[in-house]
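J.: this is a predicted model, with the sequence first.
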Amino acid sequence: MRGGGGVGVGGGADTHTSAGEPSLSSLVEAARDNDVQAARDVINAHRRSSSASADEQHTKIDQDELATALWAACSNGHVDMASLLLENSAPVEFSDSDGFTALFWAVESGHPDLVNLLLEHGADANARTDAGEATPLIMACEGTHGAKDVAIVKALLARNVDTEAADAQDATARDFAEACEDEETGEELVALLDAYENEKGRKRAQPDKGPEARNGDDVKTENERPSKRSKAPVGKAKVSLTSLFGKKR
């Protein structure tokens, strides 16, 4: 399932813009190359042009550009760049034609810091690709990135992720962890899943104390809280992305 390489910039990107506006590829290139200042300049230029012509279509194009740049940053492990884009309203739940959001790219590329950043900004830990073939947890449980995938799984489990979700072949995250080529990594992943399920079972088995007996001790732990859903718009980027991305899982 894992793809090869990070997000690049190819000839398929829509680089046509109105006079004086930066192209889509300029922002994506800056994100790919981790040129924070160049990205900031492009964003500021878009902001100036948007204030003069803030029609709905222009706003949508800006969202596409920000989303694509965020994927590039997440695929290439650029935390500071991703932070800049998120601070400037990059839509965390926008997906490409296969349903890959920024979180999928961060997981696939093995970047736990970016996974945590995206989750903090409301990324859906239980997202699915359009074909239903993968979730972020399933991807991470392949264990290709060793300790980094272990850290990613910990971050996802802390968001009450669904461990029973299965791919198109009915394989769950546990199935992938048990099949991990690196035995040590696989054992760590299985142990994490076991501990998570055991804790969930223990909490379900606890009798209801009643409102008077609880006295405020029913505050939910982080693992019990549902994953925050992004308040940002969910949508598909309208630009052609085929040449920008490597082979997916």
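T.: In hand now; what should we look at?
J.: show me where the protein has its helices.
T.: Per DSSP state H, the chain carries helices over the ranges 24-33, 36-52, 56-76, 79-87, 102-108, 112-120, 136-140, 147-157, 173-178, 183-205, 211-214.
J.: dump the ones you listed to CSV, plus mean neighbour count.
T.: From N, CA and C alone the C-beta is placed, and that goes for glycine too. Formatted as CSV, the helices of the chain follow (neighbours: other CB atoms under 10 Å):
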stretch, mean neighbour count
helix 24-33, 24
helix 36-52, 16
helix 56-76, 23
helix 79-87, 20
helix 102-108, 29
helix 112-120, 22
helix 136-140, 28
helix 147-157, 22
helix 173-178, 21
helix 183-205, 14
helix 211-214, 9
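J.: for those, give me TSV that also has distance to Arg128 and mean pLDDT.
T.: Shown next, in TSV, are the helices of the chain (distance: least, CB to CB, whole Å; pLDDT from 0 to 100):
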stretch	distance to Arg128	mean pLDDT
helix 24-33	25	88
helix 36-52	29	79
helix 56-76	17	79
helix 79-87	22	97
helix 102-108	10	98
helix 112-120	16	98
helix 136-140	9	98
helix 147-157	14	98
helix 173-178	13	98
helix 183-205	18	92
helix 211-214	35	48
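J.: out of these, which gets nearest to Thr129?
T.: Proximity to Thr129, assessed across the helices of the chain by CB to CB, is greatest for helix 102-108 (7.0 Å).
J.: so which elements touch the closest one?
T.: Secondary-structure packing of helix 102-108 (3 or more CB pairs under 8 Å, 6 or more residues apart in numbering; DSSP states H and E): helix 56-76, helix 112-120, helix 136-140.
J.: how much space between the spatially closest residue to His145 that is not a sequence neighbour and Asn76?
T.: Residue nearest to His145 in three dimensions, not counting chain neighbours: Gly110, with 3.2 Å by CB to CB, 6 or more residues apart in numbering. Per CB to CB, to the nearest Å, Gly110 is found 11 Å from Asn76.
J.: go on, Gly99?
T.: Counting by CB to CB, the gap from Gly99 to Asn76 is 20 Å.
J.: then Ala125?
T.: In terms of CB to CB, Ala125 sits 22 Å off from Asn76.
J.: likewise Ala151?
T.: In this view, Ala151 and Asn76 are 18 Å apart by CB to CB.
J.: now swap in His145 and tell me
T.: Using CB to CB, His145 is found at 14 Å from Asn76.
J.: and for Arg32?
T.: Counting by CB to CB - Arg32 and Asn76 are separated by 6 Å.
J.: swap in Leu85?
T.: Taken as CB to CB, the span from Leu85 to Asn76 is 13 Å.
J.: overlap in contacts of the two?
T.: Common neighbours of Leu85 and Asn76, using CB atoms under 8 Å, 6 or more residues apart in numbering, are Ala31.
J.: hmm, Leu70 and Ala90 touching each other?
T.: Yes. At 4.3 Å, Ala90 counts as touching Leu70 under the criterion of CB atoms under 8 Å.
J.: can you pull the residues that touch both of those two?
T.: Common neighbours of Ala90 and Leu70 (criterion: CB under 8 Å, 6+ apart): Ala82, Ala102.
J.: can you list the domains in this protein?
T.: 7-91, 99-206+220-230 (automatic domain parsing).
J.: which residue sits closest to Phe176, ignoring its sequence neighbours?
T.: Nearest non-adjacent residue to Phe176, counting by CB to CB, 6+ apart: Cys141, 4.2 Å away.
J.: many thanks, I have nothing further to ask.
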